[in-house]
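>>> pasting a predicted model and its sequence here:
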Amino acid sequence: MNSKFFFIIPLFALMACNNAEQAEEAKEVHPALLNPVVRPYTEAIAQDTANAELYYQRAGMLNKLELPELTQKDLETAVRLAAKNTEFRASLATLLIERKLSEQALTHIRILKEQAPADTNYILMESEAYLAGGKTKEADQIIQQLLAAKPRNPYILLNASKIKAAEQDTQAAISYAKTLAEVAPTFYDGLYQLADLYSAAKQKEALTWYEKLYRLDTLNANPYFDMAKYYQSVGDVKMAKQYFVKAIWVDKDFEKAYLDYGKLLLAEDSVEKADRQFQIATEVAPANAEAYYSKGLIYIRKGNKDLARNFFEQALVFNGNHEQAKAELAKLKAK
């Protein structure tokens with residue numbers, strides 16, 4: 001397809017509608033649900049609307065596209081249709097934690113704990129849910145009880161470190177993370193916690209740990225991306241650019257690297273080079289609102305207000321809460 005908007009088509013082009021009411025419902029389908037990697041699930045769901053597994057599978061694809069609201073909606077439907085499925089409910093609780101929807105997450109975690117009261121995973125999730133809601137005291141009480149019984153459990157140490165980081169006790173957070181690195185030297189999430197703590201403190205040790213992480217998984221571009229962000233945070237733009245490029249070499253579909261590299265170029269007034277990065281981002285992640293917003297900024301610089309408006313509107317299609325896109329549209333309407 002030549003158009004990057006090829007997936008934004010009415011659903012009635014894909015499925016037969018027997019009456020006007022069905023056709024009207026089809027028009028309301030979110031365009032992201034017709035993305036090529038998502039559309040097969042959307043079509044299957046249209047044929048079997050009570051199949052919880054299909055909603056769960058589509059939620060997984062939507063999550064990969066970084067569409068949390070749509071992911072949550074599908075997971076909620078899966079849980080409603082299969083209330084006893086612990087995998088569906090645990091996935092929903094995890095997403096709610098990531099979205100900082102603490103109370104909603106706790107509701108589902110309590111149901112999971114009723115089904116398996118001694119399961120450490122659910123107890124850890126409860127601590128994470130409290131932490132997501134800013135209740136560090138409640139989160140820490142749970143973790144300290146777990147640590148008393150399992151002082152060298154890497155998952156418990158990881159959560160202990162995160163709680164101390166949230167309390168802005170950086171030294172304690174690093175101490176837990178260093179213990180974790182000693183206990184489980186190949187535990188990826190644990191090493192990442194230590195690297196990120198050093199990076200947030202703008203300490204060069206972060207680079208050493210990001211390099212170790214890359215060596216553990218040379219197909220994962222995130223360590224190079226985070227090294228770029230570290231260099232950017234300390235004002236070394238040249239090195240930041242180099243590591244954004246390295247991240248892209250490792251993962252040609254890494255839209256965040258394209259976007260952040262493009263923003264650096266745009267800040268330097270390299271409009272055409274920045275445009276290239278943002279264009280690739282829209283191609284590798286056609287449902288990414290930030291990519292379309294960034295393209296809108298390019299056309300503001302180029303003086304093409306109509307195209308800029310189109311891109312800002314497209315950003316809002318995929319993220320109706322994108323405040324910067326709303327603000328830019330308001331500026332254009334005011335002129």
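Structure's in. What do you need?

>>> burial count for residue 229?
By other Cβ atoms under 10 Å, 19 other residues sit near residue 229. All C-beta atoms are positioned from the backbone trio N, CA, C, and that covers glycine.

>>> same check on residue 64?
12.

>>> tell me who's in contact with the residue nearest the centre of the chain.
Nearest to the geometric centre of the chain sits residue 66, at 4.9 Å (Cα atoms, centre = their mean). By Cβ atoms under 8 Å, 6 or more residues apart in numbering, the contact list for residue 66 reads 285, 287-288.

>>> among those residues, who's most crowded?
Sorting those by how many neighbours each has (other Cβ under 10 Å) puts residue 287 first, at 24 neighbours.

>>> got a list of what that one touches?
Taking Cβ under 8 Å, 6+ apart, one finds 31-32, 35, 65-67, 318 in contact with residue 287.

>>> dump those to JSON lines, plus pLDDT and distance to residue 224.
Shown next, in JSON lines, are the contacts of residue 287 (pLDDT from 0 to 100; distance: Cβ to Cβ, whole Å):
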{"residue": "31", "pLDDT": "84", "distance to residue 224": "32"}
{"residue": "32", "pLDDT": "85", "distance to residue 224": "28"}
{"residue": "35", "pLDDT": "83", "distance to residue 224": "27"}
{"residue": "65", "pLDDT": "84", "distance to residue 224": "22"}
{"residue": "66", "pLDDT": "83", "distance to residue 224": "19"}
{"residue": "67", "pLDDT": "88", "distance to residue 224": "25"}
{"residue": "318", "pLDDT": "87", "distance to residue 224": "26"}
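
>>> excluding sequence neighbours, find me the nearest residue to residue 284.
The shortest distance from residue 284 to any non-neighbouring residue, by Cβ to Cβ, 6 or more residues apart in numbering, is to residue 253 (4.5 Å).

>>> run a quick neighbour tally on the one you found.
Residue 253 is flanked by 13 other residues according to other Cβ under 10 Å.

>>> touching, it and residue 281? I think so.
No: when contacts are counted by Cβ atoms under 8 Å, residue 253 is not listed as touching residue 281 (9.8 Å).

>>> thank you, goodbye.
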